[in-house]
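1. Give me a model of this one.
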Amino acid sequence: MSRKILILTSKTGGGHISLAEALRGRLEPEYTIEIVDPQSRFFHWHYRMVSRYALWLWAVDFRLSDTPRGALLMHRLFTLTVAKALSALLDRVQP
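-> Take a look at the predicted model:
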């Protein structure tokens, strides 16, 4: 039985998927690799719309999350959106 690695990534540009695929290329066949983006469709929609059409909102998002308190709040909100699916993913893959 080969050992499993779960790579969590983001389909938001910036080379995240390319890096995950490069890691897969280096680690297979020694490991079974699964690459998953655990983020919700809303997250992708928000990212795509804000980064293309509302850079002012991007700046607001950044300012709101650029303090320890703001970052913790954003982290908690993000956790609410992915916790259930991520837990199910971990149960399924068992990395």
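2. Pass me the low-pLDDT residue ranges in this protein, would you?
-> Across the chain, the ranges flagged by pLDDT under 70 are 1.
3. residue boundaries of the strands in it?
-> Remark: strands assigned in the chain by DSSP state E are 3-8, 31-36.
4. Quick one: distance of the first one to the chain centre.
-> This means strand 3-8. 14 Å (C-alpha atoms, centre = their mean, to the nearest Å).
5. do stretch 14-22 as well
-> Distance, centroid of stretch 14-22 to centroid of chain: 12 Å (C-alpha atoms, centre = their mean).
6. cool, and stretch 60-80?
-> Worked out by C-alpha atoms, centre = their mean, stretch 60-80 lies 15 Å from the chain centre.
7. can you count the residues close to Ile17?
-> Ile17 has 16 neighbours, counted by other C-beta atoms under 10 Å. For the C-beta atoms, the positions are set from N, CA and C on the backbone; glycine is no exception.
8. Roughly how far does it sit from Ala59?
-> 26 Å (C-beta to C-beta, to the nearest Å).
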